[in-house]
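Enquirer: Here is a sequence together with a model predicted from it:
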Protein chains: 4
Amino acid sequence: MNKIPVAVLAATGSVGQRFVQLLDNHPWFEVVALTGSDRGYGKPYGEVCRWILPGEMPAWARSLPVLASTPEEVQVPLAFSGLPTDVAKEVEPAFARAGTAVCSNASAFRPEPDVPLLIPEVNPEHAHVIPAQQKRLGWSGFIATNPNCTSTGMTVALKALKDAFGLRRVFAVSMQALSGAGYPGVASMDIIDNVIPYIGGEEDKVETEPLKMLGTQDGTRIHNADFVISAHTNRVAVSDGHTVCLTVEFERRAGPEEVSAALAGYRVPDLACGLPSTPQPAIMLRSEENRPQPRLDRMTGSGMTTVVGRVRADRLFDARMVVLSHNTIRGAAGGSIYNAELLVKLGYIQGARP
Amino acid sequence: MNKIPVAVLAATGSVGQRFVQLLDNHPWFEVVALTGSDRGYGKPYGEVCRWILPGEMPAWARSLPVLASTPEEVQVPLAFSGLPTDVAKEVEPAFARAGTAVCSNASAFRPEPDVPLLIPEVNPEHAHVIPAQQKRLGWSGFIATNPNCTSTGMTVALKALKDAFGLRRVFAVSMQALSGAGYPGVASMDIIDNVIPYIGGEEDKVETEPLKMLGTQDGTRIHNADFVISAHTNRVAVSDGHTVCLTVEFERRAGPEEVSAALAGYRVPDLACGLPSTPQPAIMLRSEENRPQPRLDRMTGSGMTTVVGRVRADRLFDARMVVLSHNTIRGAAGGSIYNAELLVKLGYIQGARP
Amino acid sequence: MNKIPVAVLAATGSVGQRFVQLLDNHPWFEVVALTGSDRGYGKPYGEVCRWILPGEMPAWARSLPVLASTPEEVQVPLAFSGLPTDVAKEVEPAFARAGTAVCSNASAFRPEPDVPLLIPEVNPEHAHVIPAQQKRLGWSGFIATNPNCTSTGMTVALKALKDAFGLRRVFAVSMQALSGAGYPGVASMDIIDNVIPYIGGEEDKVETEPLKMLGTQDGTRIHNADFVISAHTNRVAVSDGHTVCLTVEFERRAGPEEVSAALAGYRVPDLACGLPSTPQPAIMLRSEENRPQPRLDRMTGSGMTTVVGRVRADRLFDARMVVLSHNTIRGAAGGSIYNAELLVKLGYIQGARP
Amino acid sequence: MNKIPVAVLAATGSVGQRFVQLLDNHPWFEVVALTGSDRGYGKPYGEVCRWILPGEMPAWARSLPVLASTPEEVQVPLAFSGLPTDVAKEVEPAFARAGTAVCSNASAFRPEPDVPLLIPEVNPEHAHVIPAQQKRLGWSGFIATNPNCTSTGMTVALKALKDAFGLRRVFAVSMQALSGAGYPGVASMDIIDNVIPYIGGEEDKVETEPLKMLGTQDGTRIHNADFVISAHTNRVAVSDGHTVCLTVEFERRAGPEEVSAALAGYRVPDLACGLPSTPQPAIMLRSEENRPQPRLDRMTGSGMTTVVGRVRADRLFDARMVVLSHNTIRGAAGGSIYNAELLVKLGYIQGARP
């Protein structure tokens, strides 16, 4: 079996390192190129990259040279992008134009109606706007994105609830992990014995991205769902794992038992089943009164499962619950890799097929 | 000037220690008795109490003997109670029956319609149900309570908003400090690199206590306000200072500027002004995008001021904001002392007057 | 292949839970009995035990009934003990008398000259005092112990250094993880934004246990090595992984390169090689200037490897270094299991052999 | 009374902010100038400075314009320097040449034999090398420095011990606060659930600065003391307050009681007594088995007192103890201000005298 050669763009950053870690021994993909900033060009990744993840940098990555993020230097059918948004704006279209499928964690193109914003267990069919994107822009490649890390877990839970009861209004308050801010990210003096009740740009993403993902596609573009989300986003002293308190109003009334059943019974759509990164289960419903907790539950399903708990009735809307999702695995690099697996299955990514 | 002799019940606990600390050099009150559990009876407080606050135990407290929490042992016109709820149920009425004014931090009697649940800068006039309480129970003393630590700060903010715009619906999500759980309280293994999205009994208190405090009194009892609160309560790795995300629906529409003006312009009612613990100001409105923060803002106004920030419009209701309050000062011992000062001013507490 | 049936004594505690977790799918041992305190007798472990480890309680453990820690209730050839020291003093001899091999994490019998205090990669030959122990006490079973969690990692490093250069004097200062204090253990208010420069009884253990392990056995008893250790022990805000700063004086001079070579080249003795829990490698020597770090390095070798870094010359003695070891895996349950594997290999544990 | 006009160099940094905070309402000094980096020149300090300390920026500081750090822009008899070392190398001599007394927290000139490295309660007489410094360099001003934050507390303790017993060898292991690394300083991802066993350049400072401070001056230069220090330095998750484990060998034997008496009985030398920042007491000796602790003890004596505890005998040297000192007050800005007060008293600083 020939693996598909892939690149990781911005491989030295915190999301980039997660890509390198999660692609180690991937059954379908083989990393052949890593890119970084200009002060590292040409040097081995093992020398340039300050590895900040528990566990060792994979041996194969150490010796790969750090390249510039240009399609001239990096010719691959598939690139994973951990680029910062402002850089992604220029670089990702260049790769797509050159024929590369770009699976991006950057927010730059997420709002575009013909750029799929994908969570495979939620909206795999949104991938089918890719041909329209290619046609509009004259690209042989394309860009597909994964959502903001905080949007990810709550959208999986909201999908199960929308399917079962319809959605009207959602109130969301996050308590987000430090790794979501990248590295060096949040200063330690800002978070020790503290909460920071603000994350720049985050509330807007949390209030809009789920609407796109829970919307519909007509083969040309994606139409947003029409419920409303209101969010507060906060940073807390947690390394990995975003916790979100959700209060939800449905289109039809439902009690906690029904809500729990809808969450526990949610199944990954057939399109997204059986892939190497398919979470097992999609949603883990916990019955303890004090779960989910990031330290205990973030690695559920190898960090790909959305964990929900504390399902209970509400005085204002219909139901309350707490949602936990691993922000740099499910909410970033792992999600992007799962997207690529889906796009291979759907035939949108060329190259040696497994 | 003769100070009023006072006792602190359960003085060895975490709230009790705050009482002892805050009563050090109080201009009106002089601690003459400290009570504790039976294993310490008769021994000096300095020997029995494991002091957990920064700063030294006051010298006068070291030599006071630890007494039993009974009106026979402790005969004072005023007692501050840091008793656990189950013990308070028995002990506080015994003191009130014996003629002591009990200012209690326990939740045991907060729901009683003729027991005032007081925040002096919010509802000082609720003190006037005390005679009805005394008459009903045949007590010469009485019980007055301060609210749950999480309810405290948000109620101060809600009072300003209710006065200005009326209240319909409130969403509240708390991120609460460790000291709120007492000592030893939360195990360190449960909170390091973690959030606990559950605090037993807390959501019910947060959803009901503000309604009582923002209600009206008719000289006999207190009638709850009729808006609705829905809460999630969470524990985070913060030593002191509860942070609450609030989203509020008013009776009449108001934009962020009006809301900010109402908060910044809120004044302590005349009844509660000029007392030793009167917060200055009642509400501190912060304009930075990332404040209030517990580590930076909890000691505002010596820990008695409610700090509000991030006032902004909302997609579902009218306004969003973040409220911070020091949970063991404003939300516990300091609040109870401020209540006692108010009750002295109103003539409900007997004894030498300052 | 028939597995050896084993019991875990005090299986509901924090060390007990690690035993249950690490024995899940063990190739040689099968847990058939779990014991706990009397309030849980007869109830299923899944109901009685508050599981505090990341990851789920193994399914087989959920339904096992919690038994009393007596040899009448629990008849097995091998028992792992996570008992508190005072209980271990009574219970472990009862099991040994009844024929059970007790691999104990308790400190009760560690100082006995004919009770082996084992780290298989350090002193596997100390197991050979077991017959003398059995003879002296008339037991058909026996007790074998693993050292204190802080002693463990530093003794592995000291063994490599002693073999190469001889040891005269050792300064050790630990920064220890919260899990070392059990559950609930350290109160969160005591460790947030704090260091506790004291751990009861710990310095004495750190100063004496390595001397026994690095001593010699004569078939009857163990004779302590004759170098001297001086220790400070501290608690810091780390979940797992004890860090120890070591400064060492050798019998013969050696520079940092030689010291590094001795550490990196240390090999597990043949007696202890090839067992299921043999660490690979025994010692991981890190070359970065700021490693080892508990969050990044504690899981090296599945938590069984001793990680050493910052090897450098010293102004007073010969060499300085930092040693990290996982305190509840290598330093407790994992170490005890590795001991049992060694004792099976050496023929001291009866029962079905793998 | 006319106050002495002073400047704070690098006033926007973390040490600079502490200078501004501690100089608020200083009885002798009045801040008339603040300097910062070029992107803030001419703008008000309140706009340029991101204030990171609890409590508000003093009102008078808000409106002061941020100036360049040159003697042309800033003409004052006394300047406090929070400059980074590389900048201090150029800027501090320029001020000294122009007639300003520079009290510096930077390490650039600490090793110079005619630059005093001052802790007033330890070596106030070292100030008398200032004329030699001025003569050698032809300056009308001068540079006086305070030591590294970790050296500070341990040197106060070592001074008391040296006076009483003489010093031969000292083993020191620090657990240092985050604020010692400035702002943004340590990344939160590097310290959550972690220890960093390395601080660049710190061990060398800790091993050499105390020797200079505990040395002698002959009117021309300072001669180092001749004992030896060996150090490990570590970063831990503490906001403020450096903890140091010390093991000390004396010239003459002494038991724990004598050592405790020497520490508790240490008095500030007459030269340094009665100044606004004189710590009261110089050393606080704690008798609890688990103190000092940074969260509880760092503010002893308004953060200027050195706190010592756990005095006990040692197996290798003579005594062991734990020393705590507030790193940004006693160990940085507060120490530098105390130095300036001493230099005013000694007549080395010109200007209006109090």
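Expert: Cool, the structure landed.

Enquirer: Can you pull out the low-pLDDT segments for chain A?
Expert: A:1, A:351-354 (pLDDT under 70).

Enquirer: Do the longest helix seen in it and chain B come into contact?
Expert: The helix that spans the most residues within chain A, counting by DSSP state H, is helix A:149-165. No: residues of helix A:149-165 are not located near chain B by Cβ under 8 Å from any Cβ of the partner chain, the shortest gap being 13.2 Å. C-beta coordinates here come from the backbone N, C-alpha and C atoms, glycine included.

Enquirer: Just name whatever secondary elements that helix is in contact with.
Expert: strand A:167-176, helix A:202-213, strand A:242-250, helix A:256-264, strand A:283-285, strand A:306-313, strand A:319-325 (3 or more Cβ pairs under 8 Å, 6 or more residues apart in numbering or on different chains; DSSP states H and E).

Enquirer: Among those, single out whichever gets nearest to chain C.
Expert: Nearest to chain C among the helices and strands packed on helix A:149-165 is strand A:283-285 (9.5 Å), distances taken as Cβ to the nearest Cβ.

Enquirer: Now the most far-flung residue of chain A relative to its centre: closest residue in space, sequence neighbours ignored.
Expert: Most distant from the centre of chain A: A:Arg315, at 32.1 Å, with distances by Cα atoms, centre = their mean. Excluding the flanking residues, the one nearest A:Arg315 by Cβ to Cβ, 6 or more residues apart in numbering or on different chains is B:Ser230, at 4.7 Å.

Enquirer: likewise A:Ala79?
Expert: A:Ala7 (4.4 Å).

Enquirer: chain center to the longest helix of chain A: distance?
Expert: Put simply, helix A:149-165 sits 13 Å off its chain's centre (Cα atoms, centre = their mean, to the nearest Å).

Enquirer: burial of A:His26, as a residue count?
Expert: A:His26 has 18 neighbouring residues, counting by other Cβ atoms under 10 Å in any protein chain shown.

Enquirer: for A:Glu341, same thing?
Expert: 24.

Enquirer: In three-state terms, label it for me.
Expert: For A:Glu341, the assignment made with DSSP: H, G, I helix; E, B strand; the rest coil gives helix.

Enquirer: correct me, but it touches A:Leu275?
Expert: Yes: taking contacts as Cβ atoms under 8 Å, A:Glu341 lies within contact range of A:Leu275: 4.1 Å.

Enquirer: which residues do these two both contact?
Expert: A:Pro120 (Cβ atoms under 8 Å, 6 or more residues apart in numbering or on different chains).

Enquirer: check contacts around the residue farthest from the centre of chain A.
Expert: B:207, B:228-230.

Enquirer: Can you tell me, leaving aside adjacent residues, what's nearest to the closest residue to chain C within the stretch 1-150 of chain A?
Expert: Proximity of the stretch 1-150 of chain A to chain C (Cβ to the nearest Cβ) peaks at A:Pro54, 5.2 Å away. Nearest non-adjacent residue to A:Pro54, counting by Cβ to Cβ, 6+ apart: C:Leu296, 5.2 Å away.

Enquirer: For the helix or strand harbouring the one you found, which outside residues touch it?
Expert: Using DSSP states H and E, C:Leu296 sits within helix C:294-297. Contact with helix C:294-297 is made by A:52-54, A:239, C:177, C:238, C:240-243, C:284, C:286, C:291, C:307, C:324, D:192-195, as judged by Cβ under 8 Å, 6+ apart.

Enquirer: doesn't A:Ser104 make contact with A:Ser336?
Expert: Yes: assessed by Cβ under 8 Å, A:Ser336 is found in contact with A:Ser104 at 7.0 Å.

Enquirer: Can you check which residues contact both of these two?
Expert: What both A:Ser336 and A:Ser104 touch, as defined by Cβ under 8 Å, 6+ apart, is the set A:80-81, A:146.
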